[in-house]
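Asks: dropping a prediction and its sequence here:
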Amino acid sequence: MPLVRWTQGGPGPADGRTRIRPARRGQRNAACSIAVGAALALARGAAAQDAGPRVSLEEYQGWRQYSVQCARCHGQDVAGNPVAADLLTSARAGGPVAEQDAFVSVVANGRTARGMPAFKDVMTPEQMAAVYAYVKGRADGRIAVGRPVRPEG
């Protein structure tokens, strides 16, 4: 049974001593409600984390780099944006950057005539390859829209 402590100045003995009494029914119910609410919030958070797309570690790192370096022009989740190339189309089979070498070359050197800066001084070759893995997964329909679940390891 939960216990409640009170001291002078509050409801309790006037002599200033601390007394302990059993918690009242309303206090027990409130404590149980708080505990149950906290448990449900943790469970919802875990379920929300598990609800995202499953990806490899390379694709996850690619999603992170894409979100920082590419999304402002090419759209969140590679969903497209009128100011830049539609990567879902460009990275599909037969597209101009469907192969990793072509994709990485465009990212590294940019397309300055079309307004795309070069990223060779901003991103490592590994980061560019990871972005390719993520974009290719989205273009091929293997990776759904949304924040991916971070893989173990």
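Replies: Nice, I can see it.
Asks: rest of the way, CA atoms for contacts and neighbours
Replies: Noted.
Asks: tell me the SS of residue 145?
Replies: coil (DSSP: H, G, I helix; E, B strand; the rest coil).
Asks: hang on, it packs against residue 80?
Replies: No. Assessed by C-alpha atoms under 8 Å, residue 145 is found out of contact with residue 80, at 11.9 Å.
Asks: ok, those two, which is more surrounded?
Replies: Comparing residue 145 with residue 80 by other C-alpha atoms under 10 Å, the one with more neighbours is residue 80, at 18 against 14.
Asks: ok, the closest residue to residue 144 other than its chain neighbours - contacts?
Replies: Using C-alpha to C-alpha, 6 or more residues apart in numbering and skipping residues adjacent in sequence, the residue nearest residue 144 is residue 53, 5.7 Å away. Contacts were defined as C-alpha atoms under 8 Å, 6 or more residues apart in numbering; by that measure residue 53 touches 143, 144, 145, 146, 147, 148, 149.
Asks: need the buried ones from the residues you listed selected in PyMOL.
Replies: PyMOL command restricting the contacts of residue 53 to the buried ones, with burial defined by 16 or more other C-alpha atoms under 10 Å:
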select buried, resi 143+144+147+148+149
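Asks: residue 108 contacts residue 126, doesn't it?
Replies: No. Using C-alpha under 8 Å as the test, residue 108 is too far from residue 126 to be in contact (11.4 Å).
Asks: more neighbours: which of these two?
Replies: Neighbour totals were compared for residue 108 and residue 126, and residue 108 leads with 19 against 13 (other C-alpha under 10 Å).
Asks: and that one, what does it touch?
Replies: Residue 108 is in contact with 118, 119, 120, 121, 123, 128, counting by C-alpha under 8 Å, 6+ apart.
Asks: so how far is the first residue of stretch 52-60 from its last?
Replies: In stretch 52-60, first residue to last residue: 11 Å (C-alpha to C-alpha, to the nearest Å).
Asks: likewise stretch 104-120?
Replies: 9 Å.
Asks: buried ones in it?
Replies: Neighbour-count burial for stretch 104-120 flags 104, 105, 106, 107, 108, 110, 118, 119, 120 (criterion: 16+ other C-alpha under 10 Å).
Asks: could the residues you listed go into CSV alongside pLDDT and secondary structure?
Replies: Shown next, in CSV, are the buried residues of stretch 104-120 (pLDDT from 0 to 100; DSSP: H, G, I helix; E, B strand; the rest coil):
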residue, pLDDT, secondary structure
104, 98, helix
105, 98, helix
106, 98, helix
107, 98, helix
108, 98, helix
110, 97, coil
118, 97, coil
119, 98, coil
120, 97, coil
